[in-house]
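Participant: Below is the sequence, then the predicted model.
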Amino acid sequence: MLSTLLLLLSALSAPSCDYDHDAMMALDQNAFDQDMEGGWRTLHRAGCTEEAADLIRDYRRHHDNDAPILLFHEGQMRAQAGQTEKAIPLIEQTYRNDEDRGGWNFYVDGTIAFLEGDRKALKAARERLADVPEPEEFAPVDTLGNPVDMPWPPNLPMLDRLIDCFDSDYAEAYHGC
């Protein structure tokens, strides 16, 4: 009786990971990836992290679009779902070859170091990111062009969380332990 009740309760508390696949595929990249209330993030917020990763993968394939931000977000979702071996190669593909004035590559270095369990490399990446000079023209805006308050350098607080939560899994560290 107790085992039946526990099974019923777990089924009732399980997140609904249902979504309209065709509608998601019809979104433009900005709506799919950058809308904090929509796109793949609706699945992630519902606790459907692996499904969110699969959705990003499907979106990339459907649109033949390997934009670095999509690869990185799929990698993050795979890491949060405990799929580290799948996450690292995705994140590695996001290194920038052009002038990296925002320190993106150091953020990627730090993220990979965390996933590989390399505290020393994570701290070194954090220090390199912290040393990136703020450009005079730094004036961040949201997707609608509205000014937003953003610390410099971008992603430094995230690497600080990964350091502070080094002994946690990526999902817990990402959100702050």
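Facilitator: Thanks, I have the structure now.

Participant: in this structure, what spans have low per-residue confidence?
Facilitator: Scanning the chain with the threshold set as pLDDT under 70 gives 1-14.

Participant: could you pull out the helices for it?
Facilitator: All helices of the chain, identified by DSSP state H, fall at 2-13, 21-26, 29, 41-45, 49-62, 68-80, 84-92, 104-115, 119-130, 156-164, 170-175.

Participant: Dump the ones you listed into a markdown table; add mean neighbour count as well.
Facilitator: (Glycine included, C-beta is placed from N, CA and C.) Formatted as a markdown table, these follow (neighbours: other CB atoms under 10 Å):
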| stretch | mean neighbour count |
| --- | --- |
| helix 2-13 | 8 |
| helix 21-26 | 12 |
| helix 29 | 15 |
| helix 41-45 | 18 |
| helix 49-62 | 20 |
| helix 68-80 | 22 |
| helix 84-92 | 17 |
| helix 104-115 | 23 |
| helix 119-130 | 17 |
| helix 156-164 | 18 |
| helix 170-175 | 16 |
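
Participant: okay, those in CSV with distance to residue 138 next?
Facilitator: Formatted as CSV, the helices of the chain follow (distance: least, CB to CB, whole Å):
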stretch, distance to residue 138
helix 2-13, 44
helix 21-26, 33
helix 29, 24
helix 41-45, 26
helix 49-62, 28
helix 68-80, 19
helix 84-92, 25
helix 104-115, 14
helix 119-130, 15
helix 156-164, 13
helix 170-175, 25
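
Participant: so which of the ones you listed comes closest to residue 141?
Facilitator: Within the helices of the chain, the stretch nearest residue 141 is helix 68-80; the backing value is 16.2 Å (CB to CB).

Participant: which residues does residue 92 contact?
Facilitator: Contact analysis of residue 92 by CB atoms under 8 Å, 6 or more residues apart in numbering lists 108, 112.

Participant: what's the distance between it and residue 122?
Facilitator: 15 Å (CB to CB, to the nearest Å).

Participant: Select, out of the helices of the chain, the one closest to residue 137.
Facilitator: Nearest to residue 137 among those is helix 104-115 (16.9 Å), distances taken as CB to CB.

Participant: Contact partners for the closest residue to residue 86 other than its chain neighbours?
Facilitator: Nearest residue to residue 86, sequence neighbours excluded (CB to CB, 6 or more residues apart in numbering): residue 78, at 4.6 Å. Taking CB under 8 Å, 6+ apart, we find residue 78 in contact with 50, 53, 84, 86, 87, 90.

Participant: show me what contacts the closest residue to residue 91 other than its chain neighbours?
Facilitator: Distances taken as CB to CB, 6+ apart put residue 75 closest to residue 91, at 3.9 Å, once the chain neighbours are dropped. By CB under 8 Å, 6+ apart, residue 75 lies in contact with 86, 87, 88, 89, 90, 91, 94.
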